[in-house]
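> Here you go, sequence then predicted model.
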Amino acid sequence: MSLRRKTYALVSAAVLVTVAIVVVVTKLVLVGEGQWTGDVLALMLSLIAVVVVFAASLGFLLEMRVFRRVARLTGQIDKVAGSSDERVPVQLTGKDELSLLADKVNAGYSDLVAALEERDSRVRSADQTVEELHARHSDLETAYTRLQQLQEASESLGSSLDLSDAFARLEDAALGIFDADEVWLLRVEPDGETLVGLRAFSNQPEGHSRLPGVFGCWGPQASLPVVANRLISIAVGEKEPIMIESVTEMSSSEAERLFEGAKPDLGGFHSLGAVPLVDDGRVAGIALAAAVLPNQHSDDRMSTVMLFAERLARALENNRRYEETKALGEIDSLSGLYDRHRALEQLEIEIARARRYEGTFSILLGDIDNFKNFNETWGHEAGDEVIRRVAGVLRHRNRTTDFVGRYGADEFLMILPATSRNGAATVADHMRLSLGSQPYVAPDGYAVPVRMSFGAAAFPEDGADSQSLVAIADANLYESKRWGGDTVTLRRESFGVETIDATGFSTLDALVNAVDNKDHYTRQHSAHVAEYSASIVESLGFSKDKKEALRVAALLHDVGKIGLPDRILRKPGPLTSDEADAVRQHSLLGSLMVSQHLPGNDEVREAVLHHHERWDGTGYPAGLSGRSISMLGRILAVADSYSAMTTDRPYRAGLSIETAIDELKKGSGKQFDPEVVNVFLSCFHGDGGSSEEGPKTTKRRKRPNSD
């Protein structure tokens, strides 16, 4: 209930009470026990009328002077509370308490509005401060990221003189510093006129960089003349960075200055930058950066870019000095070519590069034909002259990207990037013809032709590691020598294989030839073991697949000797106990090589592993006995021993067939499986007797001669 209603109710109650009192008093005082008279009644009614009039007047006064003003004050306050205009005042005239209350309300409201305005101002100021703090925090984060990238780049470039190691850790930092999608680093050659690509960093998968193609190059390792591109020549010449925010929106005058008028097609890139790498006033290289979106480099970013360029330039110069110093210790003094160690190191580098970019390359292993005759006939000075002449031809007949090293006394290794096996043969033919046109003129005036034999191998067709590539090239070189020299062999004729993976077998076959080059006994011995094994399995009625597996195992059974030093393989006398222990490891090593290159051919692997196990358990490497030795291993043991006994060695002559047969009989049941020995001996006219020709085989041969 409102105050107005409460007041009116109270006044009404007071009027009623007053009227009742008037009636009662009139009755008691004026009438008593008598009757109501007209005068008394008139007096009572007058008094009641006075009370009513007084009450009405009081109500009117309260309505006009109090309630209406209170209502108006309340309405104005409500209007102020609900109005969008926060400055509407409360207006109430007069000098009474309600007017004073209105003034107090107005004053309080003004203070409240002022406080709210001050609060809003402080909130706006705080919001602005927060925005500034966010901006400063973002700037600090950006600066910190750039400093981290710069520190990472500095640590990578300063931690190693080998730039390939540094570049492997530099990709994210380089892209972040340039704010680019691709960055291509190039070195300036000592002549100052040629740039050679070092590494391309890209946010695309490795090997898919597009930036070299923009400048007309086949890949990140390509070279190009400085003057071939106007943008590069200006950046290198002026030693100042050139940053283009958007090539498509650049002015015609700028396009004329940097690109000779025609805006280039950047293959999807919009921004382009060329930053020369300057160290002590010398341009050591250049960094080319490109981004898909327009890229505006602020002053602080450019300062980071220039610091990075300085670090990179210093690293290039340090690497150049290091390579020059290193080369002094890797150059063969006679030929002027890199030595064997450096050649093998470069081969590993080329393999890593080809794997990274899914490329190919070839190697040539060359050997001077009849070089020994030059030294023996005209002295070592003549031999030295021939070495220098051959080195000069090999050096000048190759491209600048090719590598030539002196691999041995009269052997040379050439690494030909991005060259197929047939391309390597063409290079070798050119060098052979060039050498043939420049004979050595002896002191007596006799013109002696200088000829070379070559063996080629290609990555990855012939092998995926340096050992395999060199082994195959060496085997092909050996084949060229067998053909009389002055020949290039790309792929030596190998033993046909029907059930064995040809790729893996060719690698192992080449390794056997590499062993043969170290110890000529091995290749001939392996062929004999294969022949003798064939005579055994023919009598045992093996399946075609098992025959093939045994033939391959026989050819590869001594491949593990590739790991033995030359001093042991070629030793012209009995071996010491330590040397014998080293030799005993060759069957284990051979089985591991077969497992690697011929996976899944367990019969071949076990035969190679078991061919030196003995029936009585005293063999090696595992000391197996009886039928725990694989059947193919037991056959190889007999064939291997018979071949070894009947072949001449440097430290002894071969045994006669009769003596070798007697030794097999003595070893039957001890060293050899009796059944296999009996089958082998049955090949001697089927009666275990002797024969002048040895075992019957499907292909007759004479007793092997001494090497």
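Okay, I see it.
> How are the helices of the stretch 1-150 of the chain distributed by residue range?
3-25, 38-62, 68-82, 97-159 (DSSP state H, counting those that start in this stretch).
> I meant the stretch 401-550 of the chain, not that one.
Under DSSP H, counting those that start in this stretch, the stretch 401-550 of the chain gives helices at 421-436, 466-482, 502-518, 521-540, 544-556.
> what's the average pLDDT for the second one?
For helix 466-482, the mean pLDDT works out to 87.
> So for it, what gets flagged as buried?
For helix 466-482, a neighbour-count test (16 or more other Cβ atoms under 10 Å) marks 466, 468-481 as buried. All C-beta spots, glycine's among them, are computed from the backbone N, C-alpha and C.
> Kindly reformat the helices of the stretch 401-550 of the chain as CSV containing distance to Leu632.
What follows is the helices of the stretch 401-550 of the chain, written out as CSV (distance: least, Cβ to Cβ, whole Å):
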stretch, distance to Leu632
helix 421-436, 34
helix 466-482, 25
helix 502-518, 16
helix 521-540, 8
helix 544-556, 5
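> So for Gln596, which of those helices sits nearest?
Of all those, it is helix 502-518 that lies closest to Gln596, at 8.1 Å by Cβ to Cβ.
> quick revisit: for Leu550, state which of the buried residues of helix 466-482 is nearest.
Nearest to Leu550 among those: Ala475, at 22.8 Å, using Cβ to Cβ.
> Quick one: neighbours of the closest residue to Phe259 other than its chain neighbours, just the number.
Closest residue to Phe259 apart from its sequence neighbours, by Cβ to Cβ, 6 or more residues apart in numbering: Arg230 at 5.9 Å. Using other Cβ atoms under 10 Å, Arg230 is surrounded by 15 other residues.
> do the same with the one 3 residues further on
Other residues near Ser233 come to 15 when the count uses other Cβ under 10 Å.
> in which helix or strand would I find it?
When elements are assigned from DSSP states H and E, Ser233 belongs to helix 230-238.
> after that helix, next one along is what?
Using DSSP H and E, the helix or strand that follows helix 230-238 towards the C-terminus is strand 242-244.
> Given that following strand, what are its sheet partners and their directions?
Here strand 242-244 is paired, per DSSP bridges, with strand 271-279 (antiparallel).
> Using CSV, list the CA coordinates for the strand it pairs with.
Below are the C-alpha coordinates for strand 271-279, written out as CSV (Å, rounded to 0.1, in the frame of the first residue of the first chain):
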residue,chain,number,x,y,z
SER,A,271,57.7,-10.8,-53.1
LEU,A,272,61.4,-11.2,-53.9
GLY,A,273,64.5,-10.2,-52.1
ALA,A,274,68.2,-10.4,-52.9
VAL,A,275,70.6,-9.8,-50.0
PRO,A,276,74.4,-9.9,-50.7
LEU,A,277,76.5,-11.7,-48.1
VAL,A,278,79.3,-9.2,-47.4
ASP,A,279,82.3,-9.9,-45.2
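> Quick one: mean pLDDT for that strand?
93.
> Tell me what angle that strand forms with helix 230-238.
If you take axes from the mean of the first three to the mean of the last three Cα atoms, to 10 degrees, strand 271-279 sits at 30 degrees to helix 230-238.
> and strand 271-279, how far out from the chain's middle?
Relative to its parent chain, strand 271-279 has a centroid offset of 25 Å by Cα atoms, centre = their mean, to the nearest Å.
> contact partners of the next helix-or-strand element following that strand?
Downstream of strand 271-279, the next assigned helix or strand under DSSP H and E is strand 282-291. Here strand 282-291 makes contact (Cβ atoms under 8 Å, 6 or more residues apart in numbering) with 174, 178-188, 192, 195, 198, 210-211, 214-215, 232, 235-236, 239, 266, 269-278, 309, 312-313, 316-317, 320.
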